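1. Turn this into a model:
(one chain, ligands or ions: 1)
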Amino acid sequence: MEKNDIVIIGGGFAGASLAHKLSRLDSSLEITLIERNKLGGKPVSAFTFTDIVDNLGIRNSVKQYYNQIEITSTLGAKEIYAYDRDVFSLIDYKKACEELVGKSGCQVIFDEVKSIKAGKVSLGNEVIDAKIIVDASGRGYKFRKELKLDVPKIENHLYFKKLTHCNIPNPKSLHLIFGDIGTGGGWFYPINENECEAGVAERITKLAGNEKKDISNREKINLEQLLNYPAYSEMLEGSKSESEAMVYYPYEPVKHVVKGNVMFLGDTAGMVHPIFGMGIHYIDRIGTLCAEYCAKASHGNIALLREYQNAWDSMLKSDMNTWIWGMTYFDLNIKQINKIIEIRSNSDIDKMNMLSALRGHTGKNYEGDVLEVPLGLFLSLIKNVLKYKLKYKLKYRC
Ligand SMILES: Cc1cc2nc3c(=O)[nH]c(=O)nc-3n(C[C@H](O)[C@H](O)[C@H](O)COP(=O)(O)OP(=O)(O)OC[C@H]3O[C@@H](n4cnc5c(N)ncnc54)[C@H](O)[C@@H]3O)c2cc1C
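-> Residues are numbered from 1 along each chain as shown. As a prediction, this is how the structure comes out:
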């Protein structure tokens, strides 16, 4: 049997962009991507950064560009970050994945991987031999469990795929809301004057049986709250929800991203910003390193894959502080969040620093916020920072 250099499991953004990056690095690599369903088939609002879109060459998949972000609290405080270029993009997830796989020219098999034991990829009736396997299968964690590795925690997320009949004066401005809608706010991303993608963050780690029955009711209440939120009501009131879906994402990274000749990329490794739920830029950032080590190791030295673990560890180290500050926000009450937004809107925050914080790394905004907040709030922040710092120090040693 001919041995593939690299077998990728999953045709979501992680698998598709990796295939593209690998083929760009070394066009002689034998790459096979296996997808059990459709490429990029899950319902997701894919808001990301325009430099990523440009680097990957997927401008054809962009539904809307944004040059402004508006963050409000449900109590009314508001901060606006306006840029002189289109720094954010909303992409068509399915189209982007198809485009990336198409450009890679890799072999695509539509089938379900049943097992990856002993470094072999088993499909229903076929076993594929691979020098390197990349698990990019999303949030099922089937293969992490099979290899007895830790799995990330997941969060439920109520997501309203698309709203039509809206009245949005500036579709190049995107909106985040923090507060008591859902369990911590929501968002809406305009597609044009009449359409947008909107969602509510319902942070639940586990659904009890009776909650499952209740969920459609909760979806309805959350959507109504979002549409009737005073700052949005003129734009969204009376809009129609075209489709609704309950989706999940991981919100804690895993410790191990390599085992033997198997590497993990994307949601399967919890590579998602724990506050904003954005995974695409992590897939891009760490995926570039994954591709480099895969390409080098495929020429014989599998031990090089360990470098990927080191790269992941140092990325966690550099991002952890910002994440911890972000996690702390979730524990604050709405009055405290409102106060912080108020303070930030009146202070001179570096816009580019805010972009870094959204990405999850090296942002200094959060530290800046607390220097000006009242004592009670400051103490609450310190308590949470210590709690999360300790937790993550023990868990990830960073
Ligand atoms: C509601 C919601 C909103 C989000 N919003 C954003 C956002 O605005 N910006 C952002 O950057 N991120 C966002 N995210 C996160 C982002 O969508 C994910 O981090 C990213 O899509 C993960 O991509 P992936 O390729 O790892 O997984 P997936 O896209 O889930 O792809 C995994 C693929 O593997 C396939 N697969 C699974 N098991 C097998 C198997 N056994 N055999 C073969 N194939 C298999 C699946 O069919 C699937 O196609 C959001 C997530 C949710 C849930």
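2. drop to CA atoms for contacts and neighbour counts, all remaining ones
-> OK.
3. Is there a neighbour count for the residue lying closest to residue 192 once chain neighbours are set aside? I'd like the number.
-> In space, and not counting its chain neighbours, residue 192 is closest to residue 171: 5.3 Å by C-alpha to C-alpha, 6 or more residues apart in numbering. By the criterion of other C-alpha atoms under 10 Å, residue 171 has 20 neighbours.
4. How about the one 4 residues further on?
-> With neighbours defined by other C-alpha under 10 Å, the count for residue 175 comes to 17.
5. Three-state assignment for the closest residue to it other than its chain neighbours, please.
-> With sequence-adjacent residues excluded and distances taken as C-alpha to C-alpha, 6+ apart, residue 175 is closest to residue 70, at 4.9 Å. Assigned with DSSP: H, G, I helix; E, B strand; the rest coil, residue 70 falls in the strand class.
6. Look up how far the ligand lies from the residue nearest to residue 192.
-> 16 Å (C-alpha to the nearest ligand atom, to the nearest Å).
7. Would you mind listing what in the stretch 1-150 of the chain touches the ligand?
-> Contact residues (C-alpha under 6 Å from any ligand atom) of the stretch 1-150 of the chain with the ligand: 9-15, 34-41, 44-48, 112-114, 136-138.
8. same question, the stretch 151-300 of the chain
-> So far as C-alpha under 6 Å from any ligand atom goes, the stretch 151-300 of the chain lies against the ligand at 157, 159, 247-249, 266-268, 272, 277-281.
9. 5 Å instead?
-> 247, 248, 249, 266, 267, 278, 279, 280 (C-alpha under 5 Å from any ligand atom).
10. quick revisit: narrow the residues of the stretch 1-150 of the chain next to the ligand to those in strands?
-> 9, 34, 35, 46, 47, 48 (DSSP state E).
11. When you filter those down to buried only, what's left?
-> Buried by 16 or more other C-alpha atoms under 10 Å: 9, 34, 35, 46, 47, 48, out of these.
12. Looking at the residues you listed, spot the one nearest residue 108.
-> residue 34 (5.8 Å; C-alpha to C-alpha).
13. Surely that closest one touches residue 108?
-> Yes: contact criterion C-alpha atoms under 8 Å: residue 34 and residue 108 qualify, at 5.8 Å.
14. hang on, the earlier thing: out of the residues of the stretch 151-300 of the chain next to the ligand, who has the most neighbours?
-> For these, neighbours tallied by other C-alpha under 10 Å; top is residue 267, 30 neighbours.
15. ok so, going back, which of the residues of the stretch 1-150 of the chain next to the ligand count as buried?
-> 9-15, 34-35, 39-41, 44-48, 113, 136-138.
16. Identify the residue spatially nearest to residue 121, adjacent ones excluded.
-> residue 128 (5.0 Å).
17. Provide the contact partners of the strand or helix carrying residue 121 at residue level.
-> Using DSSP states H and E, residue 121 maps to strand 120-122. Strand 120-122 is touched from outside by 113, 114, 115, 116, 127, 128, 129, 130, 133, with contacts defined as C-alpha atoms under 8 Å, 6 or more residues apart in numbering.
18. 6 Å - rerun?
-> The contact list for strand 120-122 (C-alpha atoms under 6 Å, 6 or more residues apart in numbering) reads 113, 114, 115, 127, 128, 129.
19. could I get the residues you listed as CSV with pLDDT and distance to residue 189?
-> Listed next are the contacts of strand 120-122 as CSV, based on pLDDT from 0 to 100; distance: C-alpha to C-alpha, whole Å:
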residue, pLDDT, distance to residue 189
113, 97, 35
114, 96, 37
115, 96, 38
127, 93, 43
128, 94, 41
129, 92, 43
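20. Return the member of those residues nearest to residue 233.
-> Using C-alpha to C-alpha, the contacts of strand 120-122 come closest to residue 233 at residue 113, 46.1 Å.
21. How about the closest one: what's its closest non-neighbour residue?
-> residue 123 (4.7 Å).
22. what about that neighbour, how many residues close to it?
-> Neighbours of residue 123 (other C-alpha under 10 Å): 17.
23. wait, it sits on residue 114?
-> Yes: between residue 123 and residue 114 there is a contact under C-alpha atoms under 6 Å: 5.5 Å.
24. hang on, the earlier thing: what sits against the residue nearest to residue 113?
-> Contacts of residue 123 (C-alpha under 6 Å, 6+ apart): 112, 113, 114.
25. Next one: it from residue 36, what distance?
-> Separation of residue 123 from residue 36 (C-alpha to C-alpha, to the nearest Å): 10 Å.
26. Now do the shared contacts for the two.
-> With C-alpha under 6 Å, 6+ apart as the test, residue 123 and residue 36 both reach residue 112.
27. hey, where'd the helices end up in the chain?
-> Under the criterion DSSP state H, helices of the chain are mapped to 13-25, 50-56, 93-104, 142-146, 209-228, 230-236, 280-297, 306-331, 334-346, 351-359, 365-370, 375-396.
28. Please identify the most buried of those helices.
-> Highest mean neighbour count among these (mean count of other C-alpha atoms under 10 Å): helix 13-25, with a mean of 25.
29. Counting by contacts, list what that one packs against.
-> helix 93-104 (3 or more C-alpha pairs under 6 Å, 6 or more residues apart in numbering; DSSP states H and E).
30. relative to helix 13-25, how tilted is the helix it packs on?
-> 20 degrees (axes from the mean of the first three to the mean of the last three C-alpha atoms, to 10 degrees).
31. starting at the chain centroid, how far to helix 93-104?
-> Put simply, helix 93-104 sits 18 Å off its chain's centre (C-alpha atoms, centre = their mean, to the nearest Å).
32. Ok, stretch 20-30 next?
-> For stretch 20-30, the distance to the chain centre is 25 Å (C-alpha atoms, centre = their mean).
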